[in-house]
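> could you work out the structure for the sequence below:
(chains A and B)
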Protein chains: 2
Amino acid sequence: MASEGGEKPEVAAVEQVAVTPRLSDWIIPALRLLAFFATLAATLVMALNKQKKTLVVATVGTTPIQVTLTAKFQHTPAFVFFVIANGNASLHNLLMLIVNFMGQKFDYKGLRPFAIAVLDMMNIVLVSGGASAAAFMGQLGRDGNSHARWNKICDKFGSYCDRGSGAMLASFIGLGLMIIISVICIVKLRNHKLVDSSIAP
Amino acid sequence: MASEGGEKPEVAAVEQVAVTPRLSDWIIPALRLLAFFATLAATLVMALNKQKKTLVVATVGTTPIQVTLTAKFQHTPAFVFFVIANGNASLHNLLMLIVNFMGQKFDYKGLRPFAIAVLDMMNIVLVSGGASAAAFMGQLGRDGNSHARWNKICDKFGSYCDRGSGAMLASFIGLGLMIIISVICIVKLRNHKLVDSSIAP
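Just a heads-up that it's a prediction; the model follows:
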């Protein structure tokens, strides 16, 4: 009787272990999928952002002399970094989704959740840097800086700026989702500990 | 005999628990102190960065007309964000140092290491954003951007740019240290788990 009474809570704890992660195992992949789409959208919209504008700079006789200016993301180093950071983060999110569903065999000595937490943090650092740099560069393009005599360019390249803003919005949404994922992962590391100590005795 | 033999490994495990964190407990405060000084230096150098320059813009008769231009960090939103982010991070590092040495009583249900890991991440996100935004803005000031017709200003405000670069370097060093601290903290969460499961049986 005494040994049966001692075993029953252990079985209950194991059942709880099997059930509890199943619920939260769907929250993280769902958030990761959203983060993947957000960072992918940010990458593509920024990388394909291009606007041509033809200006008449002078008139010789009756012939207007035209200059075609092109605004591309490659012209601003911050936007290049933005594309690299978001492309990298979307690859990371895709890989983590694959590992989440198919990579049970990659779990070496229980290190996987810790490796994922560290990799998540690295990608958050990158995306945060890229999104912030692009946002301040975009603000400069929109408002200019009178102290440095840098004129705004968004009055000439309106749709270029709008698409850029959309990409930044997507990137910040992706960043927020990745931060939420990372916090959940860190808190789940705590559950790992609690689960172990609740099974053990 | 059998019960004594069963207890001895448990005592050894507890001793190991008492000794092992003491070594690594000095690595993190040392790194945190360095990170505190790096982010504090970045904050102060950028916040006190100011350069006046007097230019002769015209000569009326024999009287030169002078204009005094001042380069301040407040003129660039990215640098304001840089100061806020680094100031915040240095406060965070100081607070974590205090908690580390004096806050044993704040450990509510073993949540402290997890709260520290999450707070660390938030501050890393902020510092990464601030340092990246400032770095790309500084690159623009140093090289200009011919496509947007933004001229470089570092040829006129040399020492302003040099001090700004120093602040960014300090901030990136602080960021690197905080990333190392955060990785160690996440890996230590794993040790928490291992310690528990090694004591338990």
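> am I right that A:D155 falls within a strand?
No - assigned with DSSP: H, G, I helix; E, B strand; the rest coil, A:D155 falls outside any strand and is coil.
> how far away is it from chain B?
According to Cβ to the nearest Cβ, to the nearest Å, A:D155 stands 12 Å off from chain B. From N, CA and C alone the C-beta is placed, and that goes for glycine too.
> tell me, how many residues neighbour that residue?
11 (other Cβ atoms under 10 Å in any protein chain shown).
> got the phi/psi numbers for it?
Main-chain dihedrals, A:D155, degrees, to the nearest 10: phi -70, psi -30.
> swap in A:T76?
phi -120, psi 120.
> residues touching the closest residue to it other than its chain neighbours, list them.
Nearest residue to A:T76 in three dimensions, chain neighbours excluded: A:M137, at 5.7 Å (Cβ to Cβ, 6 or more residues apart in numbering or on different chains). Applying Cβ atoms under 8 Å, 6 or more residues apart in numbering or on different chains to A:M137 gives the contacts A:76, A:78-79, B:136-137, B:140.
> for A:M137, which three-state class applies?
A:M137 - assigned by three-state DSSP - is helix.
> could you work out the most separated pair of the contacts of A:M137?
Maximum pairwise distance in the contacts of A:M137, criterion Cβ to Cβ, is 13.3 Å, between A:F79 and B:M137.
> flag every buried residue along stretch A:86-103.
Neighbour counts using 16 or more other Cβ atoms under 10 Å in any protein chain shown place A:86-90, A:92-93, A:96-97, A:99 of stretch A:86-103 among the buried residues.
> try stretch A:46-64
Of the residues in stretch A:46-64, A:46-47, A:49, A:51 count as buried by neighbour count, 16+ other Cβ under 10 Å.
> which residue sits closest to the residue nearest to the spatial centre of chain A, ignoring its sequence neighbours?
Central residue of chain A (Cα atoms, centre = their mean): A:G174, 3.9 Å from the mean position. Leaving aside its sequence neighbours, A:G174 sits nearest to A:A38 (Cβ to Cβ, 6+ apart; 3.4 Å).
> enumerate every residue touching A:G166.
Contact analysis of A:G166 by Cβ under 8 Å, 6+ apart lists A:V45.
> strands of chain A, start to end?
Remark: strands assigned in chain A by DSSP state E are A:50-60, A:63-72.
> what separation do you get for A:P113 and chain B?
To chain B, A:P113 is 8 Å away according to Cβ to the nearest Cβ.
> I'd assumed A:I184 was in contact with that residue.
No - the pair A:P113 and A:I184 does not pass the contact test of Cβ atoms under 8 Å, sitting 11.0 Å apart.
> and these two? Which one has more around it.
Taking neighbours as other Cβ under 10 Å, A:P113 and A:I184 compare with A:P113 leading, 19 against 14.
> now the more buried one. Nearest residue, chain neighbours left out?
Nearest residue to A:P113, sequence neighbours excluded (Cβ to Cβ, 6+ apart): A:L189, at 5.9 Å.
> same check on A:F101?
A:P29 is the one closest to A:F101 (Cβ to Cβ, 6+ apart), at 7.3 Å.
> next one: A:Y160
Distances taken as Cβ to Cβ, 6+ apart place A:Q51 nearest to A:Y160, at 3.8 Å, with adjacent residues excluded.
> does the one you found have beta-bridge partners, and which?
Assessed by DSSP bridges, A:Q51 has beta-bridge partners A:A71.
> which ones are touching it?
A:70-71, A:157, A:159-160.
> and it, what pLDDT?
pLDDT, A:Q51: 85.
> and the gap between it and chain B?
Computed as Cβ to the nearest Cβ, the A:Q51 to chain B distance reads 12 Å.
> for A:I84, same thing?
12 Å.
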